[in-house]
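Asks: Build the 3D model from these lines:
(one chain, ligands or ions: 3)
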Amino acid sequence: MKIANVIVDVPTKQTDRPFDYIIPKEWENVIQPGMRIVVPFGPRKIQGFVTDIKAGSEVKQLREMIEPMDLEPVLNKELLHLGEWLTETTLCFKIFAYQAMLPAALKAKYEKMVRLAPGMKAECLPQKIKPYFTNHKSLDWEEALKDGLVSVLQQEAAKGKLEVVYVVKERVRKKQVKFVGPLFSAAELAVEKEKIQANAEKQKQVLDYFIDHPNPMELRKLLQETNASAATVKALVAKKLLFEEEMEVYRNPFEHRTFEHTYPLPLTNAQAAAIKPIHASIESQKHEVFLLYGVTGSGKTEIYLQSIQKVIEKGQEAIVLVPEISLTPQMVNRFKGRFGDLVAVLHSGLSAGEKYDEWRKIQRKEVKVVVGARSAIFAPFENIGIIIIDEEHETSYKQEDMPRYHARDVAIERAKTYQCPVVLGSATPSLESFARAQKKVYHLLTLSSRMNERPLPAVDIIDMREELRAGNRSMFSRKLFDMLKDRIEKGQQSVLFLNKRGHSSFVMCRDCGYVVNCPNCDISLTYHRAGSRMKCHYCGYESHIPKVCPECSSEYIRYFGTGTQKVEEELGKILPEARVIRMDVDTTGRKGSHERLLKEFQEGKADILLGTQMIAKGLDFPNITLVGVLSADTMLHLPDFRSSEKTFQLLTQVSGRAGRHQLPGEVVIQTYTPEHYSIELAGTQNYDLFYQREMMIRKLHHYPPFYYLALITLTHEHLMTVVAETEKIVHYVRSQVSNQAVILGPAASPIPRINNRYRYQCLIKYKREPNLTRILKKILDQYQKETKNGLLVSIDINPFILM
Ligand code: ADP
Ligand code: ZN
Ligand code: ZN
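Replies: Ligands and ions are numbered 1, 2, ... in the order given. The predicted structure follows:
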């Protein structure tokens, strides 16, 4: 008897272990580790992952698995193993680890159905529901709800005539298309054609077509080409002259695009020096982590491309991670241009079906390179030769939900397995990575100048307090206004960048300062112009903007803060001649709109591109000669020890957008705190000095990279409960760790209440605590058993969001 070890799709503490199921004889040769199968679980049928197959089991009353969902494993051995590692290091449920590795399309979807109980006939049911079961064996639950049948169904179910079942469904089907092809050679077809009755003109035409084009083709295209009808083709199939077949095709998101093929450029001396150790690591199959540190435009991407080239020549595969917002068509083109159809692309702009198709190409080894956002790190390659992470400092590489992994850690773990290099690239490396490079844990490779020695743009830092003093109340400094005007006159393009993070528009009373907060969460509501409403971004609460202040009854209550819409309106007033393209979540919501707007800008259809974070990267247009940052310091005041680092990175990145080509570029940064080192040093693009300053501060305050962090957050409806329980946890942790560790808390989270649940946290700063994972796991175990009383505990190891 064969037994399958199965991780079931029930994310709870009690079910976070393999369950044993008997593999029925008929499936014995089919079921393999890494496949998804359907298993009975209590009264339900659910999905599970087979992690192992054994000869026997200690469990007495075993149940049989029901059916396989895959014909081949969706997770290979290495990924199954990686799942265990993920579970251990991020303290997540195993099921979440495995699901995170697969495209959303492969996540189980359950459909609730009602059907006749065994041995029952539709005749025995009441009139009202009989018709639903006469011809069909089962009724969809959604349909039952819609038709108002639930109570009748329930009564019949209680009598044992009906039963409720859950059916596991695939979310996305493989796309199948009908192909038609000849069953004979051209010469034979010509003979057969003569035998067809004289008046069957269309049939003859179709045969003529295949005499000229002997390859199978899509039925749809054939009908277009020959003007024949489907019936004509059917007739020929019936005569056994043609065959018809359903074949799987891929939804191709790039179908309408062609890629200009590019060839490796002769490397500069600096590039050659940087690529040499990477090539050596690929050749000798020796794992090493490289930090490729070079300003934007210094030729990092060319190094990636030529490293991948080497990997492909060796018959191996490459994973390239790029932050979601830099996964622009321009970026993708650079890889497709060099490696053509060997490249699969995975990003959130694709539909679930398209993503699934790209994933299948990887799984079938039809591609050698995958370019994608964070989750592409789980690409199911089996012979990885290099993993590249561009813009390695980006915080979007950390996933905030279970499994709370960092793609960089996963990359290094996989690269160790395959003994291949990891290349981390950045103009502003994260402090963690740069510190590791300084300590020679990573191998530092530096590209110190831009290609063609093009100088970095000149940066002007404007003190907005001075502007106010000089009587300028506009959001544009005089300097920025003059320069925008100048560019429009010269026919050059400008980019205006609004740092939206932590800067949503809120509604405030100008008389008394009252800010409208969400009644469920301790956070201000965000203003939305559409419908003049305010929304809570945490719980979804919505309301109208009050006409008068609820505090002082003043009528001067209105929204504050600068949204992109507001900037656009203001631009319309002061520079009516400017053609503006606005890019933010509102204008890029629809699929493909991001791309379209960029294309319009590239084609010179606008003078100014105005946008948020999403325009900070990847833009590389020759005609951009001015970059303006409207509010550099909005991010500095967030309760986050990385806020200086993030500000520096963002400003440096945005500045890099100007003057990348023939025309020299200028940058204007507007700020209320020009003396802050992260702004000052971004002005001179001095990463090294910034690194030193910031390291001192991190050391002083016991933050990474000097200390590791672990954040425990508790939430509960009652303030007293959450405080008391956090207190208990703080005590427990304190009693278990060494006195080197710093334990902060209990403290209210920076957002102290979300959705009527109070939030408290305990922050652990530590250097070396070999037992910490065990301690944290114990806490989770304890509280996950106690979820009944409504207390929720979450633990984030190496958190990036401390709110
Ligand atoms: P980064 O990735 O560091 O921003 P890129 O690789 O995009 O830099 O290089 C910047 C520009 O220089 C690109 O237009 C690229 O085509 C060009 N470039 C890169 N390497 C070379 C080279 N060896 N010779 C000529 N041009 C190069
Ligand atoms: Zn008021
Ligand atoms: Zn809310």
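
Asks: Mind giving me the packing neighbours of the longest helix seen in the chain?
Replies: Ordering each helix of the chain by length in residues (DSSP state H) puts helix 719-736 first. If contacts are counted by 3 or more C-beta pairs under 8 Å, 6 or more residues apart in numbering; DSSP states H and E, helix 719-736 sits against strand 708-716, strand 742-754, strand 757-766, helix 772-785. Backbone N, C-alpha and C define where each C-beta goes, glycine included.

Asks: need the ones you listed in TSV with mean pLDDT, mean neighbour count and distance to ligand 1, can you?
Replies: Below are the helices and strands packed on helix 719-736 laid out as TSV (pLDDT from 0 to 100; neighbours: other C-beta atoms under 10 Å; distance: least, C-beta to the nearest ligand atom, whole Å):
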stretch	mean pLDDT	mean neighbour count	distance to ligand 1
strand 708-716	94	22	30
strand 742-754	88	17	35
strand 757-766	93	22	35
helix 772-785	89	16	37
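
Asks: Tell me which of the ones you listed lies nearest to ligand 3.
Replies: Closest to ligand 3 of the helices and strands packed on helix 719-736, according to C-beta to the ion: strand 742-754, at 6.6 Å.

Asks: on that earlier part again, which of the residues in the longest helix of the chain are buried?
Replies: 721, 722, 723, 725, 726, 729, 730, 733, 736 (16 or more other C-beta atoms under 10 Å).

Asks: need the helices and strands packed on helix 719-736 in TSV with distance to residue 203, can you?
Replies: Formatted as TSV, the helices and strands packed on helix 719-736 follow (distance: least, C-beta to C-beta, whole Å):
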stretch	distance to residue 203
strand 708-716	71
strand 742-754	68
strand 757-766	71
helix 772-785	69
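
Asks: got TSV for those, with distance to ligand 2 too?
Replies: Converted to TSV, these look like this (distance: least, C-beta to the ion, whole Å):
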stretch	distance to ligand 2
strand 708-716	32
strand 742-754	23
strand 757-766	27
helix 772-785	42
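
Asks: out of the ones you listed, nearest to residue 434?
Replies: strand 708-716 (16.6 Å; C-beta to C-beta).

Asks: what's the closest of the buried residues of helix 719-736 to residue 797?
Replies: Nearest to residue 797 among these: residue 733, at 13.3 Å, using C-beta to C-beta.

Asks: can you map out the helices along the stretch 301-450 of the chain?
Replies: Here the stretch 301-450 of the chain has its helices, by DSSP state H, counting those that start in this stretch, at 329-339, 352-363, 407-418, 431-438.

Asks: Report pLDDT for residue 535.
Replies: With respect to pLDDT, residue 535 scores 79.

Asks: quick one: contacts for the closest residue in space to it that isn't next to it in sequence?
Replies: Sequence neighbours aside, residue 542 is the residue nearest to residue 535 in space, at 5.0 Å (criterion: C-beta to C-beta, 6 or more residues apart in numbering). Counting by C-beta atoms under 8 Å, 6 or more residues apart in numbering, residue 542 touches 533, 534, 535, 536.

Asks: Could you dump these into CSV and include distance to ligand 1, secondary structure and neighbour count?
Replies: Formatted as CSV, the contacts of residue 542 follow (distance: C-beta to the nearest ligand atom, whole Å; DSSP: H, G, I helix; E, B strand; the rest coil; neighbours: other C-beta atoms under 10 Å):
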residue, distance to ligand 1, secondary structure, neighbour count
533, 41, strand, 14
534, 41, strand, 22
535, 37, strand, 17
536, 39, coil, 20
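
Asks: Could you work out the most separated pair of these?
Replies: Spatial extent of these (C-beta to C-beta) is set by the pair 533 and 536 at 10.9 Å.

Asks: in the stretch 451-600 of the chain, which spans are helices?
Replies: Under DSSP H, counting those that start in this stretch, the stretch 451-600 of the chain gives helices at 464-469, 478-490, 564-574, 593-602.

Asks: which one of the ones you listed lies closest to residue 398?
Replies: Between residue 398 and these, the tightest spacing by C-beta to C-beta is seen for helix 593-602, at 23.1 Å.

Asks: ok so, going back, quick one: which of the helices and strands packed on helix 719-736 is nearest residue 570?
Replies: Nearest to residue 570, of all the helices and strands packed on helix 719-736, is strand 742-754, at 30.5 Å by C-beta to C-beta.

Asks: Kindly format the C-alpha coordinates of that closest one as PDB.
Replies: What follows is strand 742-754, C-alpha atoms only, in PDB (Å, rounded to 0.1, in the frame of the first residue of the first chain):
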ATOM      1  CA  VAL A 742      16.900  44.700  23.400                       C
ATOM      2  CA  ILE A 743      13.200  44.200  23.900                       C
ATOM      3  CA  LEU A 744      10.900  47.100  23.400                       C
ATOM      4  CA  GLY A 745       7.300  47.100  24.400                       C
ATOM      5  CA  PRO A 746       4.500  46.700  25.000                       C
ATOM      6  CA  ALA A 747       3.900  49.800  22.900                       C
ATOM      7  CA  ALA A 748       1.000  50.900  20.800                       C
ATOM      8  CA  SER A 749       1.700  50.400  17.000                       C
ATOM      9  CA  PRO A 750       2.200  53.500  15.000                       C
ATOM     10  CA  ILE A 751      -1.300  52.900  13.700                       C
ATOM     11  CA  PRO A 752      -2.800  52.000  17.100                       C
ATOM     12  CA  ARG A 753      -6.200  50.700  15.800                       C
ATOM     13  CA  ILE A 754      -7.400  49.200  12.600                       C
END
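
Asks: Adjacent strands (with direction) for it?
Replies: strand 757-766 (antiparallel) (DSSP bridges).

Asks: Get me the contact residues on this structure for ligand 3.
Replies: 518, 520, 521, 536, 538, 539, 541 (C-beta under 5 Å from the ion).

Asks: quick one: the last one and ligand 1, what's the gap?
Replies: Here the criterion is C-beta to the nearest ligand atom, to the nearest Å. By it, residue 541 lies 43 Å from ligand 1.

Asks: Give the full set of residues in contact with the nearest residue to that residue once chain neighbours are set aside.
Replies: Spatially, and ignoring its direct neighbours in sequence, residue 541 is nearest to residue 518 (5.1 Å; C-beta to C-beta, 6+ apart). Counting by C-beta under 8 Å, 6+ apart, residue 518 touches 524, 525, 536, 538, 539, 541.

Asks: Can you point out the buried residues in stretch 480-500?
Replies: Buried positions in stretch 480-500, judged by neighbour count with 16+ other C-beta under 10 Å: 480-481, 483-484, 487-488, 492-500.

Asks: Which of those sits closest to residue 133?
Replies: residue 500 (54.6 Å).

Asks: For the stretch 1-150 of the chain, which segments count as strands?
Replies: With strands called from DSSP state E, counting those that start in this stretch, the stretch 1-150 of the chain shows them at 2-8, 19-23, 36-41, 44-54, 63-64, 67-68, 109-116, 138-140.

Asks: Show me the contact partners of the first one.
Replies: Think strand 2-8. 15, 17-23, 28, 31, 37, 39, 41, 46-57, 62, 65, 94-95, 98.

Asks: can you state the direction angle for it and strand 44-54?
Replies: Taking axes from the mean of the first three to the mean of the last three C-alpha atoms, to 10 degrees, one finds that strand 2-8 is oriented at 130 degrees with respect to strand 44-54.
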